[in-house]
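Student: build me a structure from this.
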Amino acid sequence: MAAPLDPRLVRRARATLPFLVALCVVGVGTALLILAQAWLLAESISSVFDTHTTTGLARWAGLLAAVFAGRALLAWAQESLAHRASAAVKSQLRRDILTARLARPTDARTSSSTLITLVTTGLDALDGYYSKYLPQLVLASIVPVVLAIAIGLQDLRSLVIVIITVPLIPVFMALIGWRTEAAMKRRWQTQSRLANHFADLVAGLPTLQVFGRARAQLTGLKRTEDASRAGTMGTLRIAFLSSFALELLATLSVALMAVTIGFRVDAGGMDLRTSLFILILAPEVYLPLRQVGTLYHDAADGMAAAEEAFSLIEHGQLTAGHAQTVPSARTSPLVVDELTYTYPDAQTPAVDGVSLRIDPGELVALAGHSGGGKTTAMNCLLGFLTPQAGSIRIGDVDLCQASAATLQAWREQIAYVPQTPGLIHGTVADNVRLGHGELTDAQVRQLLDRCGGQSLGLAKTVSDDAEGLSAGERRRVALARALARVELGGAGLLVLDEPTAGLDADTEQTVLDAVRASGASVLVVSHRPQVLDQADRVVTVTEVAA
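Tutor: Residues are numbered from 1 along each chain as shown. Below is the predicted model of the structure:
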């Protein structure tokens, strides 16, 4: 079973620690009000029996009403603080996840659909943790101790019963927690598979329809959905049984104390006031502990998602440190020496011993078979992947050993066109201006024309996932954006991954001319003869044998 409070929530979520401090204040206040409530009830009832009159009951009732109002106020404050803390923590974790993803945007450990599930419904499950489980956990740490001390001051025998029976509840909670934690992890994994399966199905619907396999895929989706439903029902069964077990244990403990006190009162060994005080407090001693066990199930979903979030965040962390001054690729050579990278869980390296040199103003082509590791080598060069061996040097700076700040300074000198260009929702002009924000419409037009985008209107709308543009049009926009960054933004290195794929020969030559005219050093991944022929140097990446 995981710790009741994950220390990473305190370290990484700044809102957690003030929330815990506030909960401690609420817990102490709640314990004192429970004592006041028990004392007032014991005093009022015993006074009626002692005097055989109802004189003064109105005063007792007024004081009790004030206590109840105080407990209600504390409950409201706790709920309000919990929702604020939950919202702040979720917001921070989402930012940290995004930062981690930005640090390693090519990380294949977490799929896009899993990431979407995590930052939406996954982290939303932390609401139950902060609004229910964590407040109850703090109450369970304070209230039973305060009440047990009060009981001990009145009667040591009753305290002994409390000391013997109370630890049984955490023991049962731990046993139930282990089972619940495992069930929740399985449920989270099943939900992630369901999200991935559905996303893949939607993305591949046209292909599946053409090959007549759409209905067959629905069968697989139904199996995954059935597994998710079975996991949910299993979790609910565990929650019901655990709640029943904890309720039974607490009831038996209170009953044991009540029977013991009853015999002693009957024998004259305890007065009515003391017995009432202890009997009123007894259920309140066990209630917070019982509730922690019951509410653990509300927290388990959120903690499973938080565990996934922490794993992603920690994996995305780069070496801390100050930014080094990174020389420009316009004046310093870029040297890659014996670069090797192996993906997690892979048996063979994706890139093994790749070496190349790009002198200022040179166009170097990276060639090889598909799947040979060209894109992987490029991602290492961009700082998205950290190679296991080798070095990438620009001047006297080794980028493989660089801090996050240094890598960011390095990327500011790069213009990049990936194999599948990423475009934002907006217009064509908006996307070109990502390369340089001060571009005029005339400059945007000129850049597009140089990249073969004469037919593209500046005001043409680009929807989500670049809908509205063909693959070739996306590349033209991305190339124009990259040229803007090189020619006007000061970038010294132009990195291109299959920039002319899907373009005709004339447009391809137009693009190559624009790239040459930019004046930047160029690294281009391509297997097209026209690109390779015009390169100053061609480096062939050979596929690693499995």
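Student: center of the chain - which residue?
Tutor: Against the mean C-alpha coordinate of the chain, by Cα atoms, centre = their mean, the closest residue is residue 309 at 3.0 Å.
Student: distance of that one from residue 357?
Tutor: Here the distance between residue 309 and residue 357 works out to 41 Å (Cβ to Cβ, to the nearest Å). The way it works is simple: take the backbone N, C-alpha and C, and place the C-beta from them, glycine included.
Student: before we move on, what about residue 145?
Tutor: Using Cβ to Cβ, we find residue 145 at a distance of 69 Å from residue 357.
Student: for residue 160, same thing?
Tutor: For residue 160, the distance to residue 357 - Cβ to Cβ - is 80 Å.
Student: try residue 336
Tutor: 7 Å.
Student: higher neighbour count, those two?
Tutor: Neighbours were counted for residue 336 and for residue 357 using other Cβ atoms under 10 Å; residue 336 has more, 25 against 14.
Student: pairing partners for the more buried one in the sheet, please.
Tutor: Under DSSP bridges, the beta-bridge partners of residue 336 are residue 356, residue 392.
Student: confirm for me that it is in contact with residue 354.
Tutor: Yes: using Cβ atoms under 8 Å, residue 336 makes contact with residue 354 at a distance of 6.4 Å.
Student: now the common contact residues for those two.
Tutor: Taking Cβ atoms under 8 Å, 6 or more residues apart in numbering as the criterion, residue 336 and residue 354 both touch 377, 390.
Student: got the residue ranges for the strands in the stretch 351-500 of the chain?
Tutor: For the stretch 351-500 of the chain, strands defined by DSSP state E, counting those that start in this stretch occupy the ranges 351-358, 363-367, 389-394, 397-398, 414-417, 426-427, 461-462, 493-497.
Student: separation between the residue nearest to residue 373 when sequence neighbours are not counted and residue 370?
Tutor: Leaving aside its sequence neighbours, residue 373 sits nearest to residue 351 (Cβ to Cβ, 6 or more residues apart in numbering; 4.0 Å). To residue 370, residue 351 is 14 Å away according to Cβ to Cβ.
Student: quick one: pLDDT of residue 339?
Tutor: We have a pLDDT of 86 for residue 339.
Student: shouldn't it be in contact with residue 353?
Tutor: Yes: taking Cβ under 8 Å as the definition, residue 339 is a contact partner of residue 353 at 7.2 Å.
Student: now the common contact residues for those two.
Tutor: Common neighbours of residue 339 and residue 353 (Cβ under 8 Å, 6+ apart) are residue 390.
Student: give me the more crowded residue out of these two.
Tutor: When residue 339 and residue 353 are compared for neighbours, residue 339 comes out ahead with 25 against 14, by other Cβ under 10 Å.
Student: can you pull the phi/psi pair for the more buried one?
Tutor: When read as degrees, to the nearest 10, the backbone of residue 339 gives phi -70, psi 130.
Student: if we can go back for a sec, from residue 88, how far out is the residue nearest to the centre of the chain?
Tutor: 15 Å.
Student: how about residue 348?
Tutor: 45 Å.
Student: and those two? which has more neighbours close in?
Tutor: A count of neighbours by other Cβ under 10 Å puts residue 88 above the other of residue 348 and residue 88, at 17 against 11.
Student: quick one: the more buried one is in a helix?
Tutor: Yes: under DSSP: H, G, I helix; E, B strand; the rest coil, residue 88 sits within a helix.
Student: quick check: closest non-adjacent residue to it.
Tutor: What sits nearest to residue 88 in space, not counting adjacent residues and going by Cβ to Cβ, 6+ apart, is residue 15, at 3.7 Å.
Student: can you pull the contacts of the one you found?
Tutor: The contact partners of residue 15, by Cβ under 8 Å, 6+ apart, come to 84-85, 88-89, 92.
Student: show the pLDDT at it.
Tutor: On the pLDDT scale, residue 15 gets 82.
Student: list the contacts for the nearest residue to residue 86 once chain neighbours are set aside?
Tutor: In space, and not counting its chain neighbours, residue 86 is closest to residue 130: 3.8 Å by Cβ to Cβ, 6+ apart. Neighbour list for residue 130: 19, 82-83, 85-86, 89, 302 [criterion: Cβ under 8 Å, 6+ apart].
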